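Enquirer: Compute the structure for the input listed below.
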Amino acid sequence: MADAFADSWRLPFNTSSRFGSLLGRGRCVQGNDGFESHTQTLRYAYDFSLPTGTPVLASRSGVVAAACGVYRRGGLRLELKGRANHVVLRHGDRLYSRYYHLAPGGVAVAVGQAVAAGDVIGRSGNTGYSGGPHLHWDVVDVEPQETAMLTLHADSPATARELGCAAAGFSGVLPPCEAPAVEGPAVWADPPTASADLRNPAAELEGAVVLIERCAEVDFLDKARRAAAAGAAAAVVVNTQAAGPELLTMSVPKVLTMRPEEYRLPLPCLMVTHLSGTEVRGAIESRRAAGALPPRLAVGRSPHFRPRRPEEAEAALGRGLSEFVPLTQPARFLWPGGRADGYQPRAGEVPPPAVQRAGRAAGRASGRVPASPAVITVLSASAPRDQGRGPWAWTPRVKGN
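Expert: Reported below is the predicted structural model:
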């Protein structure tokens, strides 16, 4: 992956006043290889203790790849995993920066919007699986929502709809943008959750894009395996357990110790939100009522997805990880007058004032720091794969992601 040290990142906040420093605002409460939750795919992440409402700044210039500000609750309840408000920025060097646990309605940007380093992109908070107000920040090489494309063809080509989706960690190869998409009629599985071998007529399933409802009783991988065994062209799991925009990354069960070449399925496997699933279901019912054939779904690779370089892919495979699983990357922050290779936060430390001011100065120089950023809610969401507990603002030794 591109060397994240080559162009140091800006700190994503500025609390460098004497008052803020005395209160420990901006203190790193979990750094790289944190013993609580910053391990494995999250080993290079940082947690910073910040009061709710603190402006969160873009660490580099980029484009908003994902954003969600619809969630309102935070705490250490399992049902809150995957429900953290967040912003993800895409940068020009095949990297993404992620900002998690933002305040309810605390997103100030929209997907597709260009931002400059130091721009206010949101407000910190305590949403999702978190033990207290803090900002989770990291850099990854893959954004799940920019791995795949799913297009609904219900009527004419002019009415084609792109549906937000994420490729599963066990998905088969996705056709590149220049190649024909994997396409087939949209068919709902019977039983809907694929809790047993599919009972649909064989002719209906052969070459179809099969939609399967998410449930707690059947693992994602088993659902997709049953679709593959029935001859489906692709499997799409619909997140019916959440009525809103929640989009999860379907990973391989942690109990498995197989290498990816052993568990990767021969067909594309995606997840879509409840909202997208409802749209497809409506299109199927509408065409059935009109006596027409089912709508078609086309699966392809996102134009923003960049496969890892051969040596990186081999290293990830050695850890049992597919190309669609985000991996955090080493990152340090710009430190004027300090170390040339940048500042690496450590648990218990408050970043030096010069490091904090560097982040704010970037946005001020660009003239793009809004005084009161408008809150724009974008209905899409994903979360770090192994979220942990979040830090309380006043204690540095806590679990967090």
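
Enquirer: Could you give the bridge partners of the residue nearest to residue 55 when sequence neighbours are not counted?
Expert: Among residues not flanking residue 55 along the chain, residue 120 sits closest, at 4.7 Å (C-beta to C-beta, 6 or more residues apart in numbering). Every C-beta, even on glycine, is put in place using the N, C-alpha and C of the backbone. Beta-bridge partners for residue 120, by DSSP bridges, are residue 57.

Enquirer: What does the pLDDT read for residue 120?
Expert: We have a pLDDT of 96 for residue 120.

Enquirer: Please apply the same query to residue 84.
Expert: pLDDT, residue 84: 92.

Enquirer: And it, how far from residue 96?
Expert: As judged by C-beta to C-beta, to the nearest Å, residue 84 and residue 96 stand 16 Å apart.

Enquirer: residue ranges of the strands in the stretch 101-250 of the chain, please?
Expert: With DSSP state E, counting those that start in this stretch, the ranges of strands along the stretch 101-250 of the chain come out as 114-115, 120-124, 128-129, 134-140, 148-153, 161-163, 165-167, 182-188, 209-213, 234-238.

Enquirer: so what does the third one touch, helix or strand wise?
Expert: Where contact means 3 or more C-beta pairs under 8 Å, 6 or more residues apart in numbering; DSSP states H and E, strand 128-129 is packed against strand 74-75.

Enquirer: swap in the fourth one?
Expert: Secondary structure elements in contact with strand 134-140, counted by 3+ C-beta pairs under 8 Å, 6+ apart, are strand 46-49, strand 96-107.

Enquirer: Please identify which of residue 84 and residue 96 sits among more neighbours.
Expert: Neighbour count, other C-beta atoms under 10 Å: between residue 84 and residue 96, residue 84 has more, with 27 against 21.

Enquirer: what's near enough to touch that one?
Expert: By C-beta atoms under 8 Å, 6 or more residues apart in numbering, residue 84 lies in contact with 71, 74, 100, 101, 102, 127, 128, 129, 130, 136, 383, 387.

Enquirer: between the strands of the stretch 101-250 of the chain, which gets the lowest average pLDDT?
Expert: What stands lowest among those, in mean pLDDT terms, is strand 128-129, with a mean of 90.

Enquirer: Direction included, what does that one pair up with?
Expert: Strand 128-129 is paired, per DSSP bridges, with strand 74-75 (parallel).

Enquirer: Let's verify residue 288: helix, strand, or coil?
Expert: Secondary structure, DSSP: H, G, I helix; E, B strand; the rest coil: residue 288 is helix.

Enquirer: That one and residue 281 touch, don't they?
Expert: No - the pair residue 288 / residue 281 is not scored as a contact, 10.6 Å apart, by C-beta atoms under 8 Å.

Enquirer: Isn't residue 85 up against residue 124?
Expert: No - Residue 85 lies out of contact with residue 124 (C-beta under 8 Å); the separation is 9.8 Å.

Enquirer: Overlap of the contact sets of these two?
Expert: Any residue near both residue 85 and residue 124 by C-beta under 8 Å, 6+ apart counts here, and that gives 101, 102, 103, 106.

Enquirer: Columns neighbour count, pLDDT and distance to residue 307 on top of the residues you listed, output as TSV?
Expert: Listed next are these as TSV, based on neighbours: other C-beta atoms under 10 Å; pLDDT from 0 to 100; distance: C-beta to C-beta, whole Å:
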residue	neighbour count	pLDDT	distance to residue 307
101	33	97	30
102	29	97	30
103	23	97	35
106	26	96	34
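
Enquirer: Quickly name whichever of these is closest to residue 224.
Expert: Checking those against residue 224 with C-beta to C-beta, the nearest one is residue 101 at 30.5 Å.

Enquirer: tell me the domain boundaries of the chain?
Expert: Dividing the chain into domains by automatic domain parsing, as the record does, gives the ranges 18-143+326-366, 145-318.

Enquirer: Nearest to residue 11, out of those?
Expert: Proximity to residue 11 (C-beta to C-beta) singles out domain 18-143+326-366 among the domains of the chain, at 4.1 Å.

Enquirer: mind checking which helix or strand of the protein has the lowest mean pLDDT?
Expert: The weakest-scoring helix or strand in the chain, judged by mean pLDDT, DSSP states H and E, is helix 18-22 (a mean of 49).

Enquirer: quick one: low-confidence ranges for the chain?
Expert: 1-7, 16-24, 242-245, 252-262, 318, 320, 359-401 (pLDDT under 70).

Enquirer: Show me where it has its helices.
Expert: Applying DSSP state H to the chain gives helices spanning 18-22, 202-205, 220-229, 260-263, 274-289, 310-318, 353-366.
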